[in-house]
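Undergrad: Got a predicted structure here, sequence first:
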Protein chains: 2
Amino acid sequence: MNKIEHIGIAVKNLETSNELFTKLFGKKHYKVEEVKSEGVSTSFFLIGENKIELLEATNPESAIAKFIEKRGEGLHHIAFDVTDIHAEIKRLKEEGFVFTRDEPFIGADNKLVIFLHPKSTNGVLIELCQEKK
Amino acid sequence: MNKIEHIGIAVKNLETSNELFTKLFGKKHYKVEEVKSEGVSTSFFLIGENKIELLEATNPESAIAKFIEKRGEGLHHIAFDVTDIHAEIKRLKEEGFVFTRDEPFIGADNKLVIFLHPKSTNGVLIELCQEKK
């Protein structure tokens, strides 16, 4: 794993949270993006070499809607940048880690992504993401 | 805020979690530290320019013990590196943010730290930390 690519934060309302985090960081988000397949609208802030991704559910069946219903707004996941996602999935499966899907898919930022199940990672939802070639 | 200094993860048992995260990251933690004033034992992993801090409660009254009792293991806080913590506290108070204490104190890694109350930050516990001069 090369670095933390981003930290995902579940929010109820992207517009009010964009204002809040703009005040917090002293700078604005640099983009917004809807990921229809995941049922979320997202915005991104850049802090050092990392991004902060705010996620609002656009679909009541989405993972973010369910997370907020169960736990409220807050820290949702950490995403790690990897060079070869298939090699990393293979390595981690051999170490006993469990993934939420069998194959990586296209997430926000047009990256190839996959999530480890938090049951195998101390309750932390971890995303691996690779720049698409 | 210069960068994400570290991400704090609450764990039940530091030893077993050190093993788990060593497998996940493919490398070992570089130090362990007890912070008696906060009732925690910590370990640190380095990923890119960021640290991952695992926190185990050493005291049933500590914030980490209460967090795990309420929410289980998982993502606990994000810490941002700041150059002048007093100036940043002043700026954020003027923006309406609320802190859990009035003054910064000495945290892990011998840094001057303070936490924003998650009620004012979308449910995210945020730490500011400054290298001690």
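TA: Cool, got the structure. Numbering: from 1, shown residues only, chains lettered A, B, ... in the order given.

Undergrad: Read off the pLDDT value for the residue in chain A sticking out farthest from the centre.
TA: The centre of chain A is farthest from one residue, A:Glu94, which by Cα atoms, centre = their mean lies 23.6 Å away. Per-residue confidence for A:Glu94 comes out at a pLDDT of 97.

Undergrad: how far away is it from A:Asn110?
TA: 29 Å (Cβ to Cβ, to the nearest Å). For glycine as for every other residue, the C-beta is placed from the backbone atoms N, C-alpha and C.

Undergrad: all helices of chain A, in order?
TA: A:14-25, A:63-71, A:85-94 (DSSP state H).

Undergrad: about what we covered before: in contact with the residue farthest from the centre of chain A, which residues?
TA: Under the criterion of Cβ atoms under 8 Å, 6 or more residues apart in numbering or on different chains, A:Glu94 has no contact partners.

Undergrad: before we move on, what about A:Glu38?
TA: A:Glu38 is in contact with A:Ser62, A:Ala63, A:Ile64, A:Gly107, A:Ala108, counting by Cβ under 8 Å, 6+ apart.

Undergrad: residues in contact with the fourth one?
TA: Contact analysis of A:Gly107 by Cβ under 8 Å, 6+ apart lists A:Val35, A:Glu38, A:Val113, A:Glu127, A:Cys129.

Undergrad: Try it again at 10 Å.
TA: A:Val35, A:Ser37, A:Glu38, A:Val40, A:Thr42, A:Glu53, A:Ala79, A:Val113, A:Ile114, A:Phe115, A:Glu127, A:Cys129 (Cβ atoms under 10 Å, 6 or more residues apart in numbering or on different chains).

Undergrad: partner residues bridging the fourth one?
TA: Each beta-bridge partner of A:Val40 is listed here: A:Val35, A:Ala57, as defined by DSSP bridges.
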